[in-house]
Structures are given as structure tokens and as C-alpha cells.
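Student: dropping a prediction and its sequence here:
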Amino acid sequence: MIKPINEVQIQNEFFEHDAKIQPQHQEKQPGLRGPMQPKPDCGEQRYQGSGKLTDQTAIITGGDSGIGRAAAIAFAREGADVVIVYLDEHEDAKDTASWIEKTGRQCVLYAGDAGDDDFCKRIIDETVPKFGRLDIVVNNAAEQHRVEDPLEITREQVEKTFRTNIFSFFSLTGAALKHMQEGSRIINVTSVLAYAGHNQLITYSVTKGAIVTYTRSMAQALLKRRIRVNAIAPGPVWTPLIPATFPAERAADFGKEFPMGRTAQPVEMAPGFVYLASTDSTFMTGQVLHLNGGVIVGA
């Protein structure tokens, strides 16, 4: 007999994990998993697959840590080979690859700027011949820059954030669409801040709003090709980007102002990615899954 899942026990485990978060800060974005205490739970011990993506190929930007790592591990345990695109967090990427390879699936790593057209084209040009197919593209790469006052925002900051957070989506997806067949899926990562905004993460919030519109527009444009496009809008998630963005004390309290009173773990995002990547969601396109800890948002 299968032991029933105890919702209260799982919630308590996540609250206990959240309570252990200490003040911490990293100087460089997008941040590293190694220095984080405690380490984010990306499903290394928790996620169990059931063959929903057997023999498929997925590309995930920002797949070395955090939400991308959780999606990568989940996809592999569902039977997919995974291509991970990351900036320069080599140790994190290698560690994530090792978890994927433990499942018996292949993992290929690409280090570079996802906002660069030529880099994205090279990823696609090498991935398709290697695996013979491309089924899933996850646009997850992101950076965010905190300001105390809107006057601190510079043109350079705006352009840099847009390059990573939305230009990369156009670059990778544009290159991938030349090879994606009917039934392929595109998953974009937006944020609760696309709907709520944030007084200190202004450029980040604006790019996340753009991703919502990008998702809806691309979904309509690709309907005739039977390629589905959806998005996930996380709330506060304990990833390296948090200590790399906020002062130490703010990082320790991150997420506690949300309705559920805690920060999410990346593994809690993973089933959403699997849902959108699998045949469980065949009647869903142009939509956003709100995995945000209880925040009620408008359309």
C-alpha cells in the first residue's frame, strides 16, 4: 500500500528549513549555491518521477541552481535528457549535471550569456544533432538589481536586465523554433512581481511583466504549429539570486511577508514545470501558473 502524503508534515519541513536561514549576502549575481546556508532543496532527495517525459530533450536556461536546477532534476527523473545553460557558475552546473546523470539521462552544459544571439544559435545547432530532437525549452535565466530610489536606475542597468530577462527568451526560442515540431512546449519563468510590482526591484518587475505578454503572444502565434507556450510565476523562492540581491538581514527574512509566511523551496516549483512540459496540460496554452504562496493576483 502506498503511504499517503502528509501535507502538514511536508509544510512543517519547509517551515523548519526556512527558520534555519541566516543573514547572508553574496556580492556577485546570479549567485552561487555553495555558500548558501541552508542549501536550497531542489528535489535531490524529494522528487520522484513517473516517466512523463521519457526520451525527450529539454533545454533550461539558468539551470545550474535554484528553480532551474529543480526543473532539471525533475525533468531527468521523468526521463528527459537535459541541456543546461548558465552564466559562469561552473561548480553549481557540474553538481546539477551529476544529479541528472545519476538518473541515467544525459546532461550537456553550456556556459555563456543567454542574451547573446550567436551563443543561443550555437546551443541549438549542437543540441539537435546530438539528441535528434528538441521537445522543451525553458526560459528561466534572470538577474535583478535592487535600488533604494528610482533615480538610481541607469540606462546600463535597464539594458542589462532586459538582455538577460527577456532578450534571451527571444534569442533562444527563435533559434529553437526552427527545429521544434508539433507537440513541443515552451515554458517561460515570470514572477509574482509582474502583477504586484516592487518598489526596489523595478527593472526586474518590468521585465517579468514583459514575459507575461510574451507568453500570451507567442502562444497565439504558435497555435497553428501546435506548440504550446505557458509560464510559471513564482513567489519568493530560496535561490542564490536572493542573497546576491538583498542585504544580509533582508535575505534572512525574505518571503515571510507573503501569505504563507515563508520562502518556497525550488522543489516546490518543479511539479509545475513537469505539468506544463507533459501531456497532463494538453489543453493549456498562453497561461500562467501562480506558484506564489497565496498571493491573489489579477489576470
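Tutor: The structure has been received and is ready for your questions.

Student: tell me the contacts of the nearest residue to Thr164 once chain neighbours are set aside?
Tutor: Nearest residue to Thr164 in three dimensions, chain neighbours excluded: Glu143, at 4.8 Å (CB to CB, 6 or more residues apart in numbering). Placement of C-beta: from N, CA and C, glycine included. Shown in contact with Glu143 (CB atoms under 8 Å, 6 or more residues apart in numbering): 29-30, 160-161, 164-165, 204, 241.

Student: in this structure, which spans are helices?
Tutor: 7-19, 66-77, 90-102, 117-131, 155-162, 168-176, 193-196, 202-221, 248-253, 270-277 (DSSP state H).

Student: got those as CSV, with mean pLDDT columns?
Tutor: Listed next are those as CSV, based on pLDDT from 0 to 100:
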stretch, mean pLDDT
helix 7-19, 94
helix 66-77, 98
helix 90-102, 98
helix 117-131, 98
helix 155-162, 97
helix 168-176, 98
helix 193-196, 96
helix 202-221, 98
helix 248-253, 94
helix 270-277, 98
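
Student: please work out which of those is packed deepest.
Tutor: Greatest average neighbour count among these goes to helix 66-77 (a mean of 30), per mean count of other CB atoms under 10 Å.

Student: just want the angle from that one to helix 270-277.
Tutor: Here helix 66-77 points in a direction 60 degrees away from that of helix 270-277 (axes from the mean of the first three to the mean of the last three CA atoms, to 10 degrees).

Student: before we move on, the earlier item: Asn139: which of the contacts of Glu143 is nearest?
Tutor: Minimum distance to Asn139 across those is 9.3 Å, recorded for Asn165 (CB to CB).

Student: quick one: contacts for the residue nearest to that closest one when sequence neighbours are not counted?
Tutor: With sequence-adjacent residues excluded and distances taken as CB to CB, 6+ apart, Asn165 is closest to Thr207, at 3.7 Å. By CB under 8 Å, 6+ apart, Thr207 lies in contact with 142, 161-162, 165-166.

Student: and Leu177, how many neighbours?
Tutor: 18 (other CB atoms under 10 Å).

Student: now it: how far from Phe15?
Tutor: For Leu177, the distance to Phe15 (CB to CB, to the nearest Å) stands at 42 Å.

Student: same check on Gly62?
Tutor: Taking CB to CB, one finds Gly62 at 26 Å from Phe15.

Student: got it, and Phe119?
Tutor: 40 Å.

Student: cool, Asp125 as well?
Tutor: 46 Å.

Student: please name the nearest non-neighbouring residue to Pro150.
Tutor: Closest to Pro150 by CB to CB, 6+ apart is Ile202, at 6.3 Å.

Student: pretty sure that neighbour contacts Asp149?
Tutor: No: using CB atoms under 8 Å, Ile202 is not in contact with Asp149; the gap is 10.1 Å.
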